[in-house]
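Asker: Have a look at this fold, sequence not included:
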């Protein structure tokens, strides 16, 4: 028997996952699918679109991005930070793309539901559901280094989005450690993108 | 604006937050801290296997303050221990004792292996009747989980979607598979440890080995079961020795219940049996003999 609550839950989850899939791309370097990426900004007439992924997903300074509608575009690696495990890829803007919206507030809570999108084993746009396992103490106003989620992610999730139930981005999935999924917090990605752009600017 | 999905997410976080106030970190071993639950005012429940010392134990409360704690008692047979805290105004856990968990029910395991509370979620995968641990303690119900238990989670609570505690999680009672000790069992152990410091258990002082009773003998003696327990050791001066049980006797029944396994014997030896005689039926010299045996109180740190 499907209760109204469980049915509603399933529908809403499916709708949120659909929305998240549109901002998730496949990142390929050297022909093989190597991971996922987040459509960070769709770009405009003056600047290119920006994809954020993990540094360990991209090799070299070129990559092919496959958007959720199947369109493949060439992208150029404009920032690569092995230490933070982040990379930024720039590409020629393409019409009708929706970029990720970062959740600025409220702060994440332990137990909150989160959704990850990725491409494990070539399965494009797979979704998984988990909860926030731990939030590092917010003391001193510092951005925590990692978001830890109680969910199991396969390698193909690397570089893809971790989002809340409203579809807002909370992190970039990066690795598994001790059975937990670790993501770079969206706020840290934002700060990194700003820094990387400042460096790249003439 | 609030959809079902968002409400669920908020409720799970609320449950973690409210139950997390009674969840503490326990520093009583070399490795990472373990978890405990403020169960009754001034009494914290933890798992015995995560407390490797009897003194110099400290507890970090949900507000981040670390305070000294004293060990009120341990029960290795249920893997529970109770610590006492002095003068703390910490909230106690809200217990769900009335309705047992159901298979498929959404549950959350909490841990505090450090300053902040951590959570994992999943469902009840199995809910069954009473079972006995390898050290002979009876656990009121078997609760198995389909969720990940992380390092330092032992001693933490399993909570429902409303933040109420269903029991204490441990990975040391079932070969590393996490199980939850239900509220009823924890209550019993906490009461006894706070009152007496130990769990009283009756014992007979015998070692047994299951044996098959030959068909011909079984027919002759009109036995219903074909397996019984051969007494292979008798502790000198122990209760069984004192009351005349002999090496080589084959134990058939205790208080009218057939025994074919050492667990059947342990089942008759709850704390309330100390000093209260049991009727034992044995085969001795080809004849059935009935005798009275009075269990004694099991000395500490003795397994059987």
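Answerer: Noted; the coordinates are in hand. Here the structure is a predicted model, which is why all the values come from computation and not from measurement.
Asker: Which residues of chain A lie near chain B?
Answerer: A:5, A:8-9, A:12-13, A:16, A:109-113, A:130-137, A:148, A:150, A:164-166, A:178-180 (Cβ under 8 Å from any Cβ of the partner chain). Where C-beta positions appear, they are placed from N, C-alpha and C, glycine not excepted.
Asker: ok now do the residue in chain A positioned nearest to chain B, which residues does it touch?
Answerer: Ranking the residues of chain A by distance to chain B (Cβ to the nearest Cβ) places residue A:111 first, at 3.3 Å. Shown in contact with residue A:111 (Cβ atoms under 8 Å, 6 or more residues apart in numbering or on different chains): A:131, A:132, B:12, B:13, B:14, B:15, B:16, B:17, B:108, B:119, B:121.
Asker: switch the cut-off to 6 Å
Answerer: Listed by Cβ atoms under 6 Å, 6 or more residues apart in numbering or on different chains, the contact partners of residue A:111 are A:131, B:12, B:13, B:16, B:119.
Asker: And for residue A:106?
Answerer: Counting by Cβ under 6 Å, 6+ apart, residue A:106 has no contacts.
Asker: now do residue B:149
Answerer: Neighbours of residue B:149 in contact, by Cβ under 6 Å, 6+ apart: B:171, B:178.
Asker: wait, is the residue of chain A closest to chain B part of a strand?
Answerer: No. Secondary structure of residue A:111 (DSSP: H, G, I helix; E, B strand; the rest coil): coil, not part of a strand.
Asker: residues in contact with the nearest residue to it once chain neighbours are set aside?
Answerer: Once flanking residues are discounted, residue A:111 sits nearest to residue B:16: 3.3 Å by Cβ to Cβ, 6 or more residues apart in numbering or on different chains. Residue B:16 is in contact with A:110, A:111, B:119, counting by Cβ under 6 Å, 6+ apart.
Asker: lowest average confidence, helix or strand, in chain B?
Answerer: When the helices and strands of chain B are compared on mean pLDDT, DSSP states H and E, helix B:262-267 comes out lowest with a mean of 84.
Asker: Tell me how far it lies from the chain's centre.
Answerer: 15 Å (Cα atoms, centre = their mean, to the nearest Å).
Asker: Restricted to helices, list the residues of chain A next to chain B.
Answerer: Counting by DSSP state H, the residues of chain A next to chain B place A:5, A:8, A:9, A:12, A:13, A:16 in helices.
Asker: Can you report how many residues lie near residue 23?
Answerer: Going with chain A. 25 (other Cβ atoms under 10 Å in any protein chain shown).
Asker: oops, I was thinking of chain B
Answerer: For residue B:23, using other Cβ under 10 Å, the count is 26.
Asker: ok, now which ones touch it?
Answerer: B:37, B:110, B:112, B:117.
Asker: Regarding residue B:272, what is its secondary structure?
Answerer: Going by three-state DSSP: residue B:272 is helix.
Asker: That should have said residue B:280, apologies.
Answerer: strand.
Asker: For it, list the residues it contacts.
Answerer: Neighbours of residue B:280 in contact, by Cβ under 6 Å, 6+ apart: B:254, B:291, B:293.
Asker: measure the closest residue to the first one other than its chain neighbours to residue B:246 for me?
Answerer: When you say that, I think you mean residue B:254. If the residues on either side of it in the chain are set aside, residue B:254 comes closest to residue B:268, at 4.7 Å by Cβ to Cβ, 6+ apart. Counting by Cβ to Cβ, to the nearest Å, the gap between residue B:268 and residue B:246 amounts to 19 Å.
Asker: The two: which is more packed in?
Answerer: Between residue B:268 and residue B:246, counting by other Cβ under 10 Å, residue B:268 is the more crowded of the two (17 against 14).
Asker: Please enumerate the helices of chain B.
Answerer: B:4-20, B:183-196, B:215-220, B:239-242, B:262-267.
Asker: got it, and chain A?
Answerer: A:4-22, A:186-200.
Asker: got TSV for these, with mean pLDDT and mean neighbour count too?
Answerer: Compiled in TSV, these are given as follows (pLDDT from 0 to 100; neighbours: other Cβ atoms under 10 Å in any protein chain shown):
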stretch	mean pLDDT	mean neighbour count
helix A:4-22	92	15
helix A:186-200	85	16
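Asker: can you redo the ones you listed as CSV with distance to residue A:70?
Answerer: Shown next, in CSV, are the helices of chain A (distance: least, Cβ to Cβ, whole Å):
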stretch, distance to residue A:70
helix A:4-22, 12
helix A:186-200, 26
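Asker: Would you mind saying which of those lies nearest residue B:210?
Answerer: Nearest to residue B:210, of all the helices of chain A, is helix A:4-22, at 48.2 Å by Cβ to Cβ.
Asker: residues in contact with that closest one?
Answerer: So helix A:4-22 is in contact with A:68, A:98, A:117, A:125, A:127, A:161, A:163, A:167, B:3, B:4, B:5, going by Cβ under 6 Å, 6+ apart.
Asker: just to revisit the earlier point, pLDDT wise, what is the residue nearest to residue B:254 at?
Answerer: Note on residue B:268: pLDDT of 86.
Asker: and what of residue A:25?
Answerer: Residue A:25 is assigned a predicted lDDT (pLDDT) of 95.
Asker: Tell me how many other residues crowd residue A:38.
Answerer: 28.
Asker: Now do the same contact list for it.
Answerer: A:52, A:100, A:161.
Asker: Of the contacts of residue A:111 - the most surrounded one?
Answerer: residue B:119 (29 neighbours).
Asker: hang on, that one packs against residue A:108?
Answerer: No. Using Cβ atoms under 6 Å, residue B:119 is not in contact with residue A:108, being 12.0 Å away.
Asker: hang on, the earlier thing: which among the residues of chain A next to chain B count as buried?
Answerer: A:8-9, A:12-13, A:16, A:109-113, A:130-136, A:148, A:150, A:164-165, A:180 (16 or more other Cβ atoms under 10 Å in any protein chain shown).
Asker: Can stretch B:118-132 be said to contact chain A?
Answerer: Yes. Using Cβ under 6 Å from any Cβ of the partner chain, stretch B:118-132 reaches chain A at B:118, B:119, B:120, B:121.
Asker: Once you drop chain neighbours, what's closest to the residue nearest the centre of chain A?
Answerer: In chain A, the residue lying closest to the centroid (Cα atoms, centre = their mean) is residue A:161, at 2.4 Å. Leaving aside its sequence neighbours, residue A:161 sits nearest to residue A:38 (Cβ to Cβ, 6+ apart; 4.8 Å).
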